[in-house]
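> sequence and predicted model, in that order:
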Amino acid sequence: IAPNASLHELNRNMKLFLPLFALAIGLPASLANLLANQRVSNLRSLETSSGDCEICSSDNKDKPDSLIVQYVPNGVNSQYQDSSKASCRAGMYPWSTRLTVVNKSGVRQTFDVTADDIFQITGPFSAETTFEYDSGDCYIHTSCSVPLVNGDQIGAFKMLAGNNCLTPGIDNILPPVDGTPEGTCEICSKDNKDKPEFLTIEYVPTGVNS
């Protein structure tokens with residue numbers, strides 16, 4: 001399966017591959033066909049009517065743990081979030097700026113960005129997520145009561161990844177702009193058993209004890 005395959009290509013490959021795999025390991029092909037059809041259904045449920053991948057919505061309340069976002073100063077209006085839900089609208093935003101985002105837990109994340117930089121914001125997310133920048137601020141809707149869709153640009157902020165949605169190629173790079181939470185944030189512990197799905201790590205040759 002090609003690394004940049006679309007959902008439609010994945011659907012087709014699943015339907016072809018699973019029955020062959022079942023026969024190879026001695027399972028009934030009918031069982032594999034059933035699994036393939038279920039998998040296809042799950043993949044289709046992530047798509048909007050335009051074929052875009054839906055991160056979450058009123059019918060899909062699985063809030064993302066994080067969002068990978070691209071900063072695009074030439075802001076446009078969202079296809080899915082109107083002005084009653086998102087104040088980030090069409091217009092020119094600063095070419096370079098410092099962004100600040102505060103999540104529902106009160107953790108501040110800051111990013112020094114220029115045009116087309118990519119950064120990652122982490123939840124939990126409030127109903128509205130506000131982006132503060134040098135000349136103002138605006139918010140997008142992140143409660144999932146209206147769609148949050150991969151590839152949609154909301155003002156200056158283009159969604160590139162969240163939940164099961166991933167822009168092709170984005171998994172091969174680390175965001176070039178790192179957020180720096182102010183203070184110490186506990187990822188997990190014996191009192192907080194919510195294991196992370198991934199960890200982003202910086203290699204520092206001058207090692208120190210934890």
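Great, that's in hand.

> after the worst-scoring helix or strand of the chain on mean pLDDT, which helix or strand is next?
The helix or strand of the chain with the lowest confidence, counting by mean pLDDT, DSSP states H and E, is helix 29-45 at a mean of 45. For helix 29-45, the following helix or strand on the C-terminal side (DSSP states H and E) is strand 54-56.

> what's the neighbour count on Gly75?
20 (other CB atoms under 10 Å). C-beta here means a position set from N, CA and C on the backbone, and glycine is covered the same way.

> then Val204?
Using other CB under 10 Å, the number of residues around Val204 comes to 7.

> remind me which residues of this protein are low pLDDT?
Low-confidence segments of the chain (pLDDT under 70): 1-51, 169-184, 191, 205-210.

> just the helices in it please.
Here the chain has its helices, by DSSP state H, at 7-24, 29-45.

> and the strands in this protein, which stretches?
Secondary structure of the chain (DSSP state E): strands at 54-56, 66-76, 91-92, 96-102, 108-114, 118-122, 128-133, 136-141, 148-149, 153-162, 165-166.

> out of these, deepest packed?
When you average the neighbours per residue for each of those (mean count of other CB atoms under 10 Å), strand 148-149 leads with a mean of 27.

> dump the strands of the chain into a markdown table; add distance to Glu186 as well.
What follows is the strands of the chain, written out as a markdown table (distance: least, CB to CB, whole Å):
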| stretch | distance to Glu186 |
| --- | --- |
| strand 54-56 | 25 |
| strand 66-76 | 16 |
| strand 91-92 | 38 |
| strand 96-102 | 17 |
| strand 108-114 | 15 |
| strand 118-122 | 13 |
| strand 128-133 | 21 |
| strand 136-141 | 27 |
| strand 148-149 | 26 |
| strand 153-162 | 23 |
| strand 165-166 | 27 |
